[in-house]
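Student: A structural model of the following input is requested.
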Amino acid sequence: MLLSRTASDVYWFGRHLERAESIARVVDQHTSMLVDLPVDIEADWSVLLGVTGATDSFAERYDTHDEGRIIAFTLADISNPSSLVRTISAARENLRVTRQLLPRSAWETLNRVHHEVVEQATLCGDRAVRRVTLHNVIDRLRQLGGLLDAAMARDDTWRLCQLGRHLERADLTARVLDVRAATLLAAGSREDVPPADRSPYEDVRWLGVLRALEAHHMYMRSTTGGVEPTSVQRFLIDDASCPRSIAHCVATMSDLLGALPDRPPTAAALDRLVDAVRPDGSADATPVERGAVVAPTLHRRLERTQRALIVTHAAIEAAYLTGDAHPAGTLRADVSSPMPAQRQRVPAT
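Tutor: So this is what the prediction gives:
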């Protein structure tokens, strides 16, 4: 097993790598969705803050939620721990100190991404520049993910990296569903919008949820119908054949933890996570329909999952990364919380 400091950097490299690609994809998808909506429909840019848990920190600095400020804060602001620039910089630092464990070309690829993001992020107020920049980031981070899959031995280094990636992926899926899908379900019951006018716009936004999680193609192959809220939710939460689903991420994490040295806290946390992802009786008994009635049910399930993910992270941290766990009761565990950050190292003396 790796030394705890090295293990921490490998694990957080996986988390930061997954987070960077997710931020880029969510922002790109939200920008693209405007093309499919009528010009008189306003885009709610504040959902980007909700997904990254940056609503409170943004509100401390700005009074208005306009596109320019939110894009700059989400992509380029180095004072925002969840910004794309900060996330890629953190991944680069993790990789720098573990270069001997990872393929050399991984460092070269991530360096190119880092330099491009630093140069272009402040220019992304322009939508055309934003689209090109984010597409390049997504493509290169996918390339890096493929490289790690193809060129790494299936040892503890690989397992910790993948563990970080899949925990981060499950967290992001829960955040997107809670912020985007729950809002759509609540809005679906508005009486001031006729169903004939409401449905096409809802479908576009549900497609946006799938595309934000890179699950649109997989979803369309899995169903003979169109984009329907019930099946979208089930697909993204429960369908283990979808690599972006919470169920798939939890199953993968279980396999990875099973191959690492046994630690009782991680086993207990994983059991709690599996139970949290499983739908409760009320969820099974209530048809998932458009409307505000089901939005709280979805939120409760996702919040339960989110809490279990944070407890699982704390158990992993205690068992393999630091040996010093946070008391579970002190952890904020709702989707509005800021995205978790790696602990700062104590400078060597």
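Student: Distance from the host helix or strand of Ala269 to the middle of the chain?
Tutor: Taking DSSP states H and E as the criterion, the element that holds Ala269 is helix 264-277. Helix 264-277 has its C-alpha centroid displaced from the chain centroid by 20 Å (C-alpha atoms, centre = their mean, to the nearest Å).
Student: packing partners for that helix?
Tutor: Taking 3 or more C-beta pairs under 8 Å, 6 or more residues apart in numbering; DSSP states H and E as contact, the helices and strands that helix 264-277 lies on are helix 246-259, helix 295-316. Using the backbone N, CA and C atoms, a C-beta is placed for each residue, glycine as well.
Student: what angle separates it from helix 295-316?
Tutor: 170 degrees (axes from the mean of the first three to the mean of the last three C-alpha atoms, to 10 degrees).
Student: Okay, buried residues for helix 264-277 please.
Tutor: 265-266, 269-270, 272-273, 276-277 (16 or more other C-beta atoms under 10 Å).
Student: Which single one of those is nearest to Arg130?
Tutor: Closest approach to Arg130 among those (C-beta to C-beta): Val277, at 34.1 Å.
Student: Contact partners for the residue nearest to Ala259 when sequence neighbours are not counted?
Tutor: Leaving aside its sequence neighbours, Ala259 sits nearest to Arg159 (C-beta to C-beta, 6 or more residues apart in numbering; 5.8 Å). Contact analysis of Arg159 by C-beta atoms under 8 Å, 6 or more residues apart in numbering lists 256, 259-260.
Student: try 10 Å this time
Tutor: Contact analysis of Arg159 by C-beta atoms under 10 Å, 6 or more residues apart in numbering lists 10-11, 14, 152, 255-260, 320.
Student: what does the helix holding Ala269 rub up against?
Tutor: Residues outside helix 264-277 that contact it (C-beta under 10 Å, 6+ apart): 163, 167, 170, 174, 237-238, 245-247, 249-251, 253-254, 257-258, 260, 263, 301-320, 325, 328.
Student: what number of residues lie near the nearest residue to Leu273 once chain neighbours are set aside?
Tutor: Distances taken as C-beta to C-beta, 6+ apart put Ala308 closest to Leu273, at 4.1 Å, once the chain neighbours are dropped. Ala308: 23 surrounding residues under other C-beta atoms under 10 Å.
Student: Then Leu3?
Tutor: Leu3: 8 neighbours (other C-beta under 10 Å).
Student: Any chance of the backbone angles for it?
Tutor: phi -60, psi 150 (degrees, to the nearest 10).
Student: Which parts of the protein belong to which domain?
Tutor: 1-152, 154-331 (automatic domain parsing).
Student: quick one, which of those is nearest to Ala341?
Tutor: domain 1-152 (5.3 Å).
Student: Report the mean per-residue pLDDT for that closest one.
Tutor: On average, the pLDDT along domain 1-152 is 94.
Student: any idea how far that domain is from the chain center?
Tutor: 11 Å.
Student: Tell me what angle the helix holding Ala269 forms with helix 246-259.
Tutor: Between the axes of helix 264-277 and helix 246-259, defined by the same axes, to 10 degrees, the angle is 160 degrees.
Student: circling back: same list (the contacts of Arg159) but as TSV, adding neighbour count and distance to Ser222.
Tutor: Listed next are the contacts of Arg159 as TSV, based on neighbours: other C-beta atoms under 10 Å; distance: C-beta to C-beta, whole Å:
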residue	neighbour count	distance to Ser222
Val10	27	33
Tyr11	28	31
Gly14	26	27
Met152	17	30
Asp255	12	22
Leu256	21	25
Leu257	22	28
Gly258	12	28
Ala259	12	29
Leu260	17	32
Tyr320	24	35
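Student: quick one: which of those is nearest to Tyr62?
Tutor: Using C-beta to C-beta, Gly14 comes nearest to Tyr62 of those, at 31.9 Å.
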